[in-house]
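>>> Could you look at this predicted model? Sequence included:
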Amino acid sequence: MRGQETSPETFRAFRAFKEGERSWTEVVELGENDLPDGDLTVRVHYSSLNYKDALSARGRPGVTRHYPHTPGIDAAGVVIESSDPALPAGSEVIVTSYELGVDLPGGFGERIRVPAAWAVPLPNGLTLREAMILGTAGLTAGLALDALERNGVVPGDGPLVVTGASGGVGSLAVALLAGRGHEVVASSGTREAHELLLRLGASRVLDRGELGESNERPLLKSTYAGGIDTVGGATLVNLLKSLRYRGAVAACGLVQSPDLRMNVFPFILRGNSLLGIDSANCQMPMRREVWTRLAGEWKPAHLEELTREIGLGELDDAVDAILAGRTIGRVLVRHRDAVD
Ligand code: NDP
């Protein structure tokens, strides 16, 4: 069954091009034939900018293999053509991860076509706009919170550190942890974000440098009950060395470094845990559960406050800013079809 609604012959997309060492972007008109085969055609209302999208847009190795390409690992919109009776035309859906925006045209286009297995029905309690303020960053912060809770970290255990706190994942992690009643220490190198981080619920802000320098000592003072780390490298090592007995850190990012040079003492002397977080291939039952909780009991109160809205024409500058570490909070991409 295809099409209770017709899609326009053309739609706009932010395209990344790469030839040899040279890469550039343009906002272009595309047609139906530029979309791959798939069960669902979605009229995208909102997307968002993630660090990975910036890597894809600039042709950095390890993300997108084939150019020209439409980045955007996040999309939320309305199904306009469907071959899946469970998600008929008119369904509101969130599509993130898998190959979306990596090697299939992503949410920086006004239309996507994807397998039905990638779509999460928009849960009650979220608008399409809110879903994309959260986006992959919110899903990742939610998976990290879930991992910490499953590992027995509860409010009252002691302070939890969020690193890269002013970024997309970081700012949402601060808001989620604080909303659950945890004492949150925000580690940040962005002075202009300190006030926002305190408003989101951080009890204090730690300068990024305090955890960020390599330290040869096998263990550091036992201080934190855990944390959510978005930067990796020496910061993650120092955080692990600073945990209290049976503390845990959920690790999801590498903006400082993908390296992890350390010994096993935090694990074998303090019973600490390092919890790996991957949103891209997170299985559907867990994905739906986290989205349901993000729409309900976990829903952060300050979503609009940590958001800057842009259109496709402003994406190129926003890509430079996120790669340079100059982005605070979330960058929401609004398409022409957005109604709220
Ligand atoms: P952002 O760019 O929005 O946030 C990263 C933050 O890290 C910055 O805002 C800054 O915060 C801090 N930072 C920047 N440069 C450095 C540096 N050199 N050293 C230490 N800190 C730095 O990115 P996202 O929030 O979108 O992503 C964060 C990380 O998480 C990325 O590595 C991304 O690939 C990863 N990620 C992983 C996912 C997964 O499933 N595992 C899913 C989503 C993201 P401040 O100034 O406050 O210190």
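Nice, thanks for sending it over.
>>> ok, Arg208 to Ser222 distance?
21 Å (CB to CB, to the nearest Å). Yep, even glycine has a C-beta here, placed from its N, CA and C like the rest.
>>> what about the two, which has more around it?
The residue with more neighbours, out of Arg208 and Ser222, is Arg208; 21 against 16, by other CB atoms under 10 Å.
>>> ok, for that one, nearest residue in space, not its chain neighbours?
Excluding the flanking residues, the one nearest Arg208 by CB to CB, 6 or more residues apart in numbering is Gly189, at 3.4 Å.
>>> Check Ile277 too.
In space, and not counting its chain neighbours, Ile277 is closest to Cys252: 4.0 Å by CB to CB, 6+ apart.
>>> show me what contacts that neighbour?
Applying CB atoms under 8 Å, 6 or more residues apart in numbering, we find Cys252 in contact with Thr140, Leu143, Ala144, Val169, Ile228, Asp229, Thr230, Gly276, Ile277, Asp278, Ser279.
>>> before we move on, what about Met286?
Going by CB under 8 Å, 6+ apart, Met286 touches Leu143, Asp146.
>>> Can you tell me the element it falls in?
Taking DSSP states H and E as the definition, Met286 sits inside helix 284-295.
>>> for the ligand, what are the nearby residues on this structure?
With CB under 6 Å from any ligand atom as the criterion, the chain meets the ligand at residues 50-52, 136-137, 140, 164-170, 188-190, 193, 208, 212, 230-231, 252-256, 277-280, 322, 325, 327.
>>> 5 Å instead?
50-51, 140, 164-169, 188-190, 208, 230-231, 252-256, 278-279, 322, 325, 327 (CB under 5 Å from any ligand atom).
>>> Sort out which of those are in strands and list them.
Counting by DSSP state E, the residues of the chain next to the ligand place Ser188 in strands.
>>> of the residues of the chain next to the ligand, buried ones?
Buried by 16 or more other CB atoms under 10 Å: 50-51, 140, 164-169, 188-190, 208, 230-231, 252-256, 279, 322, 325, 327, out of the residues of the chain next to the ligand.
>>> For the ligand, what is the nearest residue in the protein?
In the chain, no residue comes nearer to the ligand than Gly167, which is 1.9 Å away by CB to the nearest ligand atom.
>>> list the contacts for that residue?
When contacts are taken as CB under 8 Å, 6+ apart, Gly167 is in contact with Tyr51, Ala137, Thr230, Val255, Thr327, Ile328, Gly329.
>>> can you tell me which two in these are farthest apart?
Using CB to CB, the contacts of Gly167 span at most 15.1 Å, a distance reached by Val255 and Gly329.
>>> Mind listing what's buried along the helix or strand hosting Glu309?
Secondary structure assigned from DSSP H and E places Glu309 in strand 307-310. Buried positions in strand 307-310, judged by neighbour count with 16+ other CB under 10 Å: Thr307, Glu309.
>>> helices or strands next to that strand in the packing?
Other elements packing on strand 307-310 under the criterion 3 or more CB pairs under 8 Å, 6 or more residues apart in numbering; DSSP states H and E are strand 330-334.
>>> Counting by contacts, list what the strand it packs on packs against.
So strand 330-334, by 3+ CB pairs under 8 Å, 6+ apart, packs with strand 40-49, helix 128-150, helix 168-179, strand 307-310, helix 315-323.
>>> Show the contacting residues for the residue nearest the centre of the chain.
Compute the mean C-alpha point of the chain, and by CA atoms, centre = their mean the closest residue is Ala137, 1.9 Å away. By CB under 8 Å, 6+ apart, the contact list for Ala137 reads Ser48, Asn50, Gly167, Gly168, Val169, Leu172, Arg330.
>>> Taking those residues, tell me the two that lie furthest apart.
Maximum distance among those (CB to CB): 12.5 Å, for Ser48 and Gly167.
>>> what are the ranges of the helices in the stretch 101-250 of the chain?
Residue ranges of the helices in the stretch 101-250 of the chain, as given by DSSP state H, counting those that start in this stretch, are 128-150, 168-179, 194-200, 208-212, 233-241.
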